[in-house]
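**Q** got a structure for you, letters missing:
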């Protein structure tokens, strides 16, 4: 019985790791931070001709800072509210409430 419990706990740990790794907030936040850094650098190195095209507004700088803020928001949200996958007991209980295993036909 302990082998089965060890196997279940190992599967739960693997599931939790996969859920954290592929959380959409991590992907979106990471991409926005990377692109925000790139666009902010472009804004900091903008020439006078680039500023004249945008009527004196450094659009790259402001857009880059906005992207950085949004990306950091997603990453902070991920840290404050991490994804917790359901335990085996919760899954079993949910399947029981549905009237059996989901792969069985009624």
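**A** Okay, I see it. The model shown is predicted, which means the values in this text are computed figures rather than measured ones.
**Q** host element of the residue nearest the centre of the chain?
**A** By CA atoms, centre = their mean, the chain has its centre lying nearest to residue 25, at 1.9 Å. Using DSSP states H and E, residue 25 sits in helix 24-44.
**Q** so which elements touch that helix?
**A** helix 59-80 (3 or more CB pairs under 8 Å, 6 or more residues apart in numbering; DSSP states H and E). For the C-beta atoms, the positions are set from N, CA and C on the backbone; glycine is no exception.
**Q** and the helix it packs on, what does it pack against?
**A** Taking 3+ CB pairs under 8 Å, 6+ apart as the contact cut, helix 59-80 packs with helix 24-44.
**Q** ok, then the element right after the helix it packs on?
**A** According to DSSP H and E, the helix or strand after helix 24-44 is helix 48-53.
**Q** now that next one: buried residues?
**A** residue 51 (16 or more other CB atoms under 10 Å).
**Q** now what about it, what contacts it?
**A** 57-58, 60 (CB atoms under 8 Å, 6 or more residues apart in numbering).
**Q** can you check stretch 56-66 too?
**A** 36-44, 46, 50-51.
**Q** residue 10: neighbouring residues, count only.
**A** 10 (other CB atoms under 10 Å).
**Q** surely the residue nearest to the centre of the chain touches residue 80?
**A** No - in this structure residue 25 lies outside contact range of residue 80 using CB atoms under 8 Å: 10.5 Å.
**Q** ok, the nearest residue to residue 72 once chain neighbours are set aside - how many residues close by?
**A** Distances taken as CB to CB, 6 or more residues apart in numbering place residue 33 nearest to residue 72, at 6.6 Å, with adjacent residues excluded. Residues near residue 33, counting by other CB under 10 Å, number 18.
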